[in-house]
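**Student:** model this:
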Amino acid sequence: MNFYFSAYSTPLLFGFIQGWVYAVLLWVRGRREERLSDTLLGWVLVALCFDIWMYMLGFGGIEIFWKELEFFPRTLSWLLPPLVYFYLKSQFDTTFRFRPRDTWHVLPFVLDTAYHVLVWAQGPTFVHQWEHQIDYPYLGKPLFVLGVIQQFVYLYWSLQLYRSYRAWIKTQFSETDTISFRWFRNFLIALTVTLIFGLIMTLLDLWLDLNYWQDWWGNLVGVVLIYYVSIEGYAQPQMANKLHFNPDNPVVELAAGQPKPTVVTENNSAQPILTLEANPAKTTLPDLPERLTRLLVYMTDEKPYLDADLSLTDLARQLHTNPVVLSQVINAGAGQNFNDFVNSYRVDEFKQQIRDPANAHLSFLGLALDCGFNSKATFNRAFKKFTGGSPKEFAGNA
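**Tutor:** Next comes the predicted model:
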């Protein structure tokens, strides 16, 4: 069999090779670092490769699947949506492992594969009759609709999981940019666009009876998706020892209707003094005022917020308490999530340092890094949130 390179087959071939090369790299790294997420992302890429390889072979002049292997399983389309979903779960929780009850997610793929293998095994004559008398007129369209529904259901679940995770990290970490997985949000968007484009191409094909060459554009979009997932997914920073997000555990937030504390600044002090207005009897913790006072004193005296990687668990360990209790203190007592609570101290520290003539030679970014921020973007976003202006405007008025 000779593969013919052309303007149609070559881009698909490059995308196919790209996906497999990065899949192998991810599998090797996943095995070396015992990271399930890398292994699953490798399979996501393989599934995306199998979505385009039929057209790649067809445009390259290889027709074995239309002759000897007609009706043989050709794609992993029923497996791709669960792979995307579980990849996301394994990224958010490094302790995640598959359980027996998770096997139902692969059941559609197993049934579809068994169905195609069983029919194909009956021989070419039977396959030809089955396709024209049973599969095409009765089974093809319902299975296609079920496949589309499955894809969008898993996309919805993945999006909900991502949104829950983004809310959770704000309660656990003082720095969230490196673990925000924004690339995965973009991947979900790109995957949704790809699915919609493929659906439109299928509907146009049914309506206008498009030829084989016109169907090529949908596969080209798949190639673009492979390049994006392989490059961005492989380069995604990892925090192997800190992420343990369990969506079954609710995020502790300020109770509805509970009054927030008043922020009072005395003598132009850089650090705010919080006074609790909530009735302690109505709070979750009976000793909330004492715990809040202890926390605020510790934040002022020890300045743990200067650690750019400070997490809720780290701070709880320093205060000899547990993260759940500390989260309740911050939410109910300070009226903030952990991320905002810590970054407010960093912003106030920056405001204090910028007033010091001894720091006149330092840049805004240099001071921000010294105050616990780990990037310019995080600093500017936090400063805008807590002051309503930019660092430059504040420095000009200081």
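**Student:** which regions of this protein lie under the pLDDT threshold?
**Tutor:** 1, 239-242, 249-284, 398 (pLDDT under 70).
**Student:** can you map out the strands along it?
**Tutor:** Shown for the chain, the strands assigned by DSSP state E span residues 262-264, 273-275.
**Student:** number of nearby residues for K351?
**Tutor:** 21 (other Cβ atoms under 10 Å). C-beta here means a position set from N, CA and C on the backbone, and glycine is covered the same way.
**Student:** was I right about it contacting N397?
**Tutor:** No: look at K351 against N397 with Cβ atoms under 8 Å: they stay out of range, at 10.8 Å.
**Student:** tell me the domain boundaries of this structure?
**Tutor:** As recorded under automatic domain parsing, the domains making up the chain are 9-235, 262-397.
**Student:** Just send the ones you listed back as JSON lines, with distance to L243 too.
**Tutor:** JSON lines is the format used below for the domains of the chain (distance: least, Cβ to Cβ, whole Å):
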{"stretch": "domain 9-235", "distance to L243": "5"}
{"stretch": "domain 262-397", "distance to L243": "10"}
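**Student:** Who are the contact partners of A377?
**Tutor:** For A377, the contacting residues are D177, by Cβ atoms under 8 Å, 6 or more residues apart in numbering.
**Student:** Ok, which of the domains of the chain comes nearest D248?
**Tutor:** Closest approach to D248 among these (Cβ to Cβ): domain 9-235, 10.2 Å.
**Student:** From the chain's centroid, how far away is the closest one?
**Tutor:** 17 Å (Cα atoms, centre = their mean, to the nearest Å).
**Student:** can you tell me the distance between the two ends of that domain?
**Tutor:** The distance separating the two terminal residues of domain 9-235, taken as Cα to Cα, to the nearest Å, comes to 28 Å.
**Student:** how many other residues sit next to L296?
**Tutor:** Residues lying near L296 (other Cβ under 10 Å) number 18.
**Student:** same check, this time on the one 3 residues further on
**Tutor:** Using other Cβ under 10 Å, M299 is surrounded by 19 other residues.
**Student:** how about stretch 368-386: buried residues?
**Tutor:** Across stretch 368-386, burial judged by 16 or more other Cβ atoms under 10 Å covers 368-369, 371-373, 378-380, 382-383, 386.
**Student:** Those into CSV, with extra columns for distance to T321?
**Tutor:** Converted to CSV, the buried residues of stretch 368-386 look like this (distance: Cβ to Cβ, whole Å):
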residue, distance to T321
A368, 29
L369, 29
C371, 25
G372, 21
F373, 26
T378, 26
F379, 29
N380, 32
A382, 25
F383, 30
F386, 26
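**Student:** Could you identify the most distant pair in these?
**Tutor:** For the buried residues of stretch 368-386, the maximum inter-member distance is 17.6 Å, found between L369 and F386 (Cβ to Cβ).
**Student:** Right, I'll call it a day here.
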